[in-house]
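1. what shape does this take:
(one chain, ligands or ions: 1)
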Amino acid sequence: MLTIADVEFESRLFTGTGKFSNSQVMLEAITASKSQLVTVAMKRIDFKMGLDDLLTPLRQAGVRLLPNTSGARNAKEAVFAAELAREMLGTHWIKLEIHPDPKYLMPDAIETLEAARILCEKGFIVMPYVHADPVLCRRLEEVGCAAVMPLASPIGSNQGLVTESFLKIIIEQARVPVVIDAGIGAPSQAARAMELGADAVLVNTAIASSASPIVMAECFKEAVQCGRRAFEAGLGRVQTGAVHTSPLTGFLNQ
Ligand SMILES: CC(=O)[C@@H](O)[C@H](O)COP(=O)(O)O
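-> Sure, this is the predicted structure:
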């Protein structure tokens, strides 16, 4: 069982709501994934219309919403988006995303740390999306973040665990859950993240942009479960040279 800020999750697969062809497909895919925490961009919600196409099915599915501040270019905008989310959606959980660079959507470390500090002081449960930077992750823990969300590779790129070496350090050092976010393009990559000891993964594009999002959501669900079980079972040690599977002592001595 995964616990974030005193809330328990059976599923270690978190999902997103973007890029689905329509809200019915989104709902079916999220249901198939068994995800219990689903992120939604504040910039996509039409508050004038009340609960819109996006929120109504999510509410029906009974998932916990994780609003995100995607689109914010600095700490001030992110804090505003988080406060709007708390007011309109009734949740103080926030995925903090600040990426001023439109080409690579790389998170701004300085603005993210500043926004995290302010939001934690205001009582938010903050889950910041950051580069796979072990030092920054420690600093975010110190200001009170409930989890850290280092990137595997650029958002929507499906490149997989490009940052693997640094993710390993973050996982080794973290005292809060580590959720590997962004760029996970295949179930095998999600399994790998879990085998490394990640507490959860967040996957959106690979599911939503699949030709069969519902099947793909199930594949990710199973991959995450397998990866976690393998981590808990304990992987064998990686060796540089070959090591006999069956030592030859017996017949060589005869
Ligand atoms: C929806 C969301 O929060 C994304 O920004 C997240 O980072 C997932 O990334 P992928 O779309 O690459 O899975």
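2. SS state for the residue positioned nearest the centre of the chain?
-> In the chain, the centroid-proximal residue (Cα atoms, centre = their mean) is Leu202; its distance is 2.9 Å. Secondary structure, DSSP: H, G, I helix; E, B strand; the rest coil: Leu202 is strand.
3. go ahead and confirm it touches Gly18.
-> No. Here Leu202 does not reach Gly18: they are 11.7 Å apart, not a contact under Cβ atoms under 8 Å. Using the backbone N, CA and C atoms, a C-beta is placed for each residue, glycine as well.
4. show me the shaky parts of the stretch 151-254 of the chain.
-> Along the stretch 151-254 of the chain, the model assigns pLDDT under 70 to residues 248-254.
5. residue boundaries of the helices in it?
-> 164-173, 187-195, 205-208, 213-233, 249-252 (DSSP state H, counting those that start in this stretch).
6. so what's the residue nearest to the centre of the chain bridging to?
-> Phe14, Asp181 (DSSP bridges).
7. please tell me how far it sits from Pro134.
-> Separation of Leu202 from Pro134 (Cβ to Cβ, to the nearest Å) stands at 19 Å.
8. ditto for Gln225
-> 27 Å.
9. and stretch 104-111, how far apart are its ends?
-> 17 Å (Cα to Cα, to the nearest Å).
10. avg pLDDT for that stretch?
-> For stretch 104-111, the mean pLDDT works out to 96.
11. which residues sit against it?
-> 73-75, 78, 97-101, 128-131, 133, 136, 151, 154-156 (Cβ atoms under 8 Å, 6 or more residues apart in numbering).
12. how about the residues of the stretch 151-254 of the chain by the ligand?
-> Residues of the stretch 151-254 of the chain lying close to the ligand by Cβ under 6 Å from any ligand atom are 155-156, 181-184, 202-206.
13. from these, pick the one nearest Gln24.
-> Taking Cβ to Cβ as the measure, Gln24 lies nearest Asn204 of these, at 17.1 Å.
14. excluding sequence neighbours, find me the nearest residue to that closest one.
-> Spatially, and ignoring its direct neighbours in sequence, Asn204 is nearest to Gly16 (2.9 Å; Cβ to Cβ, 6 or more residues apart in numbering).
15. Thr56 now?
-> Ser23 (8.0 Å).
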